[in-house]
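Trainee: I'd like to go over a predicted model; first the sequence, then the structure.
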Amino acid sequence: MSNDDNASRDLTKNKSWCPIPWVTYSINSLGHYRLCVQANSYKPRNDKWTRDKSIGKFTRGTLWEMPPPKVMTFGGSANRYADAENKPTNCQTTDLNAIRNNDFLKEVRSYMLRGERHPVCKRCNQEDDNKVLSRRMADRRNMEEHGFSVDDAFEYTEADGTITDISKVPLLAADIRLSNLCNQKCRMCYPGESSTWYQEWFDTFQMRHIVYEGVKSRKLPKFTGPGNTKMTIDLDENGKARIDSYQLLEDEEDYNARVLAQEKGDPYVWAQSKELYESLSSQSPDMKHIHISGGEPLMITQHYEFLKGYIDAGKAHEITLNYNTNLSNIPERALDLWQHFKLIEIRASIDAPGKINEYIRYPSKWEIVLRNLRLLTTVKKSGKINLNLGIIVTVQVYNVFYLKELVSELNSYDDISFDDIILHMLHDPRYLNITSLPHSVKEVVSDKIRELQAEDKFVKQGEGVINYMYSDDTSDSLDQFFVETRLMDKYRHQRIEESLPELYEMLQPYDPLFHAGRKVQKILDEQFNDAYIINVYEQEISKLKYTHIQVLRDADES
């Protein structure tokens, strides 16, 4: 590049630069390569960005093969690709070297070299602006420690984002999502990230459709996975929900998007391939840092072949492994293999103390979480594994009021030791984003977080959480919060009023059911002569009784 880039090299001024598009490869839960996990949060319908500027804007960061997606002709075969290049790159069919100068990666690099923020980096942009530690800032520090800096990016990259010689820019990090196999169905999750969600998604589909659309659907339930892939859920011969088929769409944001491919079966099974993991480890010999999550990654036994590849090559002692896990199980084989690596960073996903965590991360058991925290504490103290144990909290509506209680609970056990608490902001679904809290509740939450920061050495990002909470007002989504909460409560035999009584007391004035009950009662008690109940009928939908009450009255009645 030219020498007129000094301002962009200054990272106090260049707020966009991130090493990920240069030295990291990322695989989503379907096995598709993507820019990074953070890019998955970018949705163009919530942004002014227009579709003719970028291929990343509607693929949620997925890397499509070159050239970018275009209008297709199918020649009578609508269920197959018309052009082989028009599909997401996939780790089963594309090797790592072939994606290094992918069009979308080049585009994002060129933005960063100019010091401009790319819209697909929206999540990190928001977190940086609110002084929450973003993935971008963490990776700047980590990759510079591993020998790659912004100066290296300028030296080996053309103005259009092309890396001139990929041998001089080795892959130093990986972010791998091992399918959606999981044994929990957290309230903020969905089938795309947890296979345990399938049955509930199927069983409550008609109820959701009635609530949101007003009519019963004639179709099977669907959900959108990464990279414009839409899955259809059906029942097998034993009545168990599973993925029946999936479609690849030209544009996931377009309701009438063209179908590029349609296949039967489950696209998440890629993660069961032993040969694939052996290939990935052999193609990235310079690896220094690997992040592994899922689903629940410790359930994917085949990924241990990936680790074994680095052990057999004599490279494991140079590599840090970072896991996100729900701590439901720590396999003995994992403990055996981890002994060979430079450092194991366990990020235990715990959102609240005791019964509240069980409510959010259903059907987790608090005693199992504590048992495995004690196991990891013992392993750490033994010195057999160089282990760093952190608690990662997904900050959301359900738990932001209870952060202080979580820290107090964890600190109360003498036989549990951890190194850090990481506050990870939930962005979607919108109705669980803490920006959706009413202003009065935000004030109470802010006071509790400030008290926590003053008392506990681990909580360093509290002010960032407060800044983020006040950065937007999405309280118009509270109605959906109560709809989704009650549907899950009904199916799981739980009640928000019992599991989170303090939070519910603050939110009750905004509860549509609370107001609806009073309003209907007022009509019946005070205005029955002027209001006509013209129809009452019940309908059974997915084993739930749905009661319709249609009331007619003059428009000028209060």
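Mentor: Looks like it arrived, so ask away.
Trainee: Leu389 touches Ile422, doesn't it?
Mentor: No: Leu389 lies out of contact with Ile422 (Cβ atoms under 8 Å); the separation is 11.4 Å. For the C-beta atoms, the positions are set from N, CA and C on the backbone; glycine is no exception.
Trainee: now do the strands in the stretch 351-500 of the chain.
Mentor: With strands called from DSSP state E, counting those that start in this stretch, the stretch 351-500 of the chain shows them at 387-395, 420-425.
Trainee: same list (the ones you listed) but as CSV, adding mean neighbour count, mean pLDDT and distance to Pro267.
Mentor: Below are the strands of the stretch 351-500 of the chain laid out as CSV (neighbours: other Cβ atoms under 10 Å; pLDDT from 0 to 100; distance: least, Cβ to Cβ, whole Å):
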stretch, mean neighbour count, mean pLDDT, distance to Pro267
strand 387-395, 20, 96, 25
strand 420-425, 20, 91, 27
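Trainee: which one of those strands lies closest to Arg123?
Mentor: With Cβ to Cβ as the criterion, Arg123 lies closest to strand 420-425 of the strands of the stretch 351-500 of the chain, at 8.3 Å.
Trainee: what angle separates that closest one from strand 387-395?
Mentor: Calculated by axes from the mean of the first three to the mean of the last three Cα atoms, to 10 degrees, strand 420-425 forms an angle of 30 degrees with strand 387-395.
Trainee: name every strand pairing with strand 420-425 and say which way it goes.
Mentor: Using DSSP bridges, strand 420-425 pairs in its sheet with strand 387-395 (parallel).
Trainee: in a strand, Gln550, correct?
Mentor: Yes: under DSSP: H, G, I helix; E, B strand; the rest coil, Gln550 falls within a strand.
Trainee: pLDDT wise, what is it at?
Mentor: For Gln550, the pLDDT comes out at 72.
Trainee: excluding its backbone neighbours, what's nearest it?
Mentor: Once flanking residues are discounted, Gln550 sits nearest to Asn535: 4.3 Å by Cβ to Cβ, 6 or more residues apart in numbering.
Trainee: my guess is the one you found meets His548, correct?
Mentor: Yes: counting by Cβ under 8 Å, Asn535 sits close enough to His548 to count as a contact (7.1 Å).
Trainee: the host helix or strand of Glu107 - what's its average pLDDT?
Mentor: Taking DSSP states H and E as the definition, one finds Glu107 inside helix 103-113. The average pLDDT within helix 103-113 is 92.
Trainee: can you name every helix or strand that the following helix or strand past it contacts?
Mentor: Next along the chain after helix 103-113, taking DSSP H and E as the criterion, comes helix 122-129. The criterion is 3 or more Cβ pairs under 8 Å, 6 or more residues apart in numbering; DSSP states H and E, and the helices and strands that helix 122-129 contacts are helix 135-145, helix 462-470.
Trainee: ok, 10 Å please
Mentor: helix 135-145, strand 420-425, helix 462-470 (3 or more Cβ pairs under 10 Å, 6 or more residues apart in numbering; DSSP states H and E).
Trainee: list the buried residues of that helix.
Mentor: Going by neighbour count (16 or more other Cβ atoms under 10 Å), the buried part of helix 122-129 is Lys122, Arg123, Cys124, Asn125, Gln126, Glu127, Asp128.
Trainee: quick one: the helix holding Glu107 to chain centroid distance?
Mentor: Put simply, helix 103-113 sits 23 Å off its chain's centre (Cα atoms, centre = their mean, to the nearest Å).
Trainee: joint contacts of Leu389 and Ile422?
Mentor: Common contact partners of Leu389 and Ile422 (Cβ atoms under 10 Å, 6 or more residues apart in numbering): Arg347, Ala348.
Trainee: could you list the low-pLDDT ranges of the stretch 151-300 of the chain?
Mentor: Residues of the stretch 151-300 of the chain meeting the criterion pLDDT under 70: 251-256.
Trainee: all the strands of it, in order from the start?
Mentor: 173-177, 222-225, 229-235, 241-249, 259-264, 289-293.
Trainee: what angle do strand 241-249 and the fifth one make with each other?
Mentor: Direction vectors for strand 259-264 and strand 241-249, defined by the same axes, to 10 degrees, enclose an angle of 160 degrees.
Trainee: for strand 259-264, name the packing helices and strands.
Mentor: Packed against strand 259-264 by the contact rule (3+ Cβ pairs under 10 Å, 6+ apart) you find strand 229-235, strand 241-249.
Trainee: give me the sheet partners of it and which way each runs.
Mentor: Its sheet considered, strand 259-264 pairs with strand 241-249 (antiparallel) by DSSP bridges.
Trainee: can you give me the buried ones in the strand it pairs with?
Mentor: Ala241, Ile243, Ser245, Tyr246, Gln247, Leu248, Leu249.
Trainee: just the helices in the stretch 1-150 of the chain please.
Mentor: Along the stretch 1-150 of the chain, counting by DSSP state H, counting those that start in this stretch, helices occupy 6-9, 20-23, 103-113, 122-129, 135-145, 150-155.
Trainee: out of those, which is the most enclosed?
Mentor: Per residue and on average, the most neighbours among the helices of the stretch 1-150 of the chain fall to helix 20-23, with a mean of 26 (mean count of other Cβ atoms under 10 Å).
Trainee: could you give the average pLDDT over that one?
Mentor: Here helix 20-23 scores 95 as its mean pLDDT.
Trainee: can you list phi and psi of the residue nearest to Asp479 when sequence neighbours are not counted for me?
Mentor: Counting by Cβ to Cβ, 6+ apart, Asp479 lies nearest to Pro512, which is 5.4 Å off, once chain neighbours are set aside. Pro512 has phi and psi values of phi -60, psi -30 when expressed as degrees, to the nearest 10.
Trainee: Pro512 contacts Phe482, correct?
Mentor: Yes: at 5.7 Å, Pro512 counts as touching Phe482 under the criterion of Cβ atoms under 10 Å.
Trainee: and the two? which has more neighbours close in?
Mentor: With neighbours defined as other Cβ atoms under 10 Å, Pro512 and Phe482 compare such that Phe482 has more, 19 against 15.
Trainee: and the gap between that one and Val397?
Mentor: Distance, Phe482 to Val397, using Cβ to Cβ, to the nearest Å: 11 Å.
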